[in-house]
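# Attaching a predicted model along with its sequence, questions to come.
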Amino acid sequence: MDETTPSENLNPLQRFGRDVRQVRLARKITQKHLGTSTGYSEGYVSKVESGTLLPRPSQKFAKGCDKVFGTGELFAGLLHRIDDGDHPSWFSPYLTLERKASRILVYSTNVVSGLLQTEDYARAMFHAYYSKEESDAVEGKVAARLRRREVFKRDAPPRLWAILNEACLRTVVGNAEVMAGQLKYLLEAALLPGITLQVMPFSVGAPAASTKPFSVLRFTESPTLLYTETRVGGRMHDSVKTVAAALDDYDLLRAHALSPDESLALINTALKEYRA
């Protein structure tokens, strides 16, 4: 990255890197010292400052910079804004809450939930949905979607319970190879502590509850919230009555879905079909 490049010509990661470099130099701190102080290598710091670290610097690094530089929550906040910048503005409030949730309940009707999507699956989704956007814009959205998984790397990650309608397994996103990779990832994710997957098979017939996708976020010290989404935007619901109804729906969906073991068997069957 050329230090003379106007800020408006830099992408968000390059601007973040330039800010880190400028503050580091003003504090007379070497890259090696900053790396050691934040728990990373000198090479890591160099890539951050050049804007070439992909998908982007970690929150741990950003918080470490704030601590070393004495900048409060400046760099942590900048990084969050980079994350949110590749999402629709109406989705940002949900993302903020998703990062804080202790338990996430998801029901998906046609496509795999964003938290469980592979890179290739997400890319195929975005290419279809944003067919007229530049490739770089699509790649930014893909990277932002994959970063949502970082909540599972926390010291106390949220518990995720995801119910997928069988249509999520059968709707071909991208091609058979992309679908095979996605289903393989679902099988792997289901083995992780705190993640439970169930499939609502076609054989059940009409759904026992909601026919639209929704998510419920539970918190240790805050009220439970419901999130619903349409093509024109998403909405958070905090009404006790509305949230209670959604939880009742989720209980019905869980009761009618296949057991976790049976669900994995069906996913594995579908995987073999895509690989055939």
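Ah, there it is.
# contacts and neighbour counts: CA atoms only from here.
OK.
# can you give me the helices for the protein?
12-26, 31-38, 42-50, 59-69, 74-85, 92-98, 119-129, 135-147, 167-170, 176-189, 240-256, 260-275 (DSSP state H).
# between those, which one is nearest to Gly233?
Ranking the helices of the chain by distance to Gly233, with C-alpha to C-alpha as the measure, places helix 92-98 first at 10.9 Å.
# Present the helices of the chain as CSV; the columns should include distance to Pro201 and mean neighbour count.
Formatted as CSV, those follow (distance: least, C-alpha to C-alpha, whole Å; neighbours: other C-alpha atoms under 10 Å):
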stretch, distance to Pro201, mean neighbour count
helix 12-26, 43, 18
helix 31-38, 47, 17
helix 42-50, 46, 19
helix 59-69, 39, 19
helix 74-85, 34, 17
helix 92-98, 27, 16
helix 119-129, 21, 19
helix 135-147, 27, 17
helix 167-170, 8, 19
helix 176-189, 15, 18
helix 240-256, 9, 16
helix 260-275, 9, 16
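# I'd like the ones you listed laid out as JSON lines, including distance to Tyr107 and mean pLDDT.
Listed next are these as JSON lines, based on distance: least, C-alpha to C-alpha, whole Å; pLDDT from 0 to 100:
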{"stretch": "helix 12-26", "distance to Tyr107": "33", "mean pLDDT": "91"}
{"stretch": "helix 31-38", "distance to Tyr107": "38", "mean pLDDT": "96"}
{"stretch": "helix 42-50", "distance to Tyr107": "37", "mean pLDDT": "95"}
{"stretch": "helix 59-69", "distance to Tyr107": "28", "mean pLDDT": "94"}
{"stretch": "helix 74-85", "distance to Tyr107": "23", "mean pLDDT": "78"}
{"stretch": "helix 92-98", "distance to Tyr107": "15", "mean pLDDT": "81"}
{"stretch": "helix 119-129", "distance to Tyr107": "18", "mean pLDDT": "91"}
{"stretch": "helix 135-147", "distance to Tyr107": "18", "mean pLDDT": "81"}
{"stretch": "helix 167-170", "distance to Tyr107": "11", "mean pLDDT": "97"}
{"stretch": "helix 176-189", "distance to Tyr107": "15", "mean pLDDT": "97"}
{"stretch": "helix 240-256", "distance to Tyr107": "8", "mean pLDDT": "95"}
{"stretch": "helix 260-275", "distance to Tyr107": "14", "mean pLDDT": "97"}
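# will you turn those helices into JSON lines that also has distance to Leu225?
Listed next are these as JSON lines, based on distance: least, C-alpha to C-alpha, whole Å:
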{"stretch": "helix 12-26", "distance to Leu225": "31"}
{"stretch": "helix 31-38", "distance to Leu225": "35"}
{"stretch": "helix 42-50", "distance to Leu225": "36"}
{"stretch": "helix 59-69", "distance to Leu225": "25"}
{"stretch": "helix 74-85", "distance to Leu225": "20"}
{"stretch": "helix 92-98", "distance to Leu225": "9"}
{"stretch": "helix 119-129", "distance to Leu225": "25"}
{"stretch": "helix 135-147", "distance to Leu225": "21"}
{"stretch": "helix 167-170", "distance to Leu225": "24"}
{"stretch": "helix 176-189", "distance to Leu225": "24"}
{"stretch": "helix 240-256", "distance to Leu225": "6"}
{"stretch": "helix 260-275", "distance to Leu225": "25"}
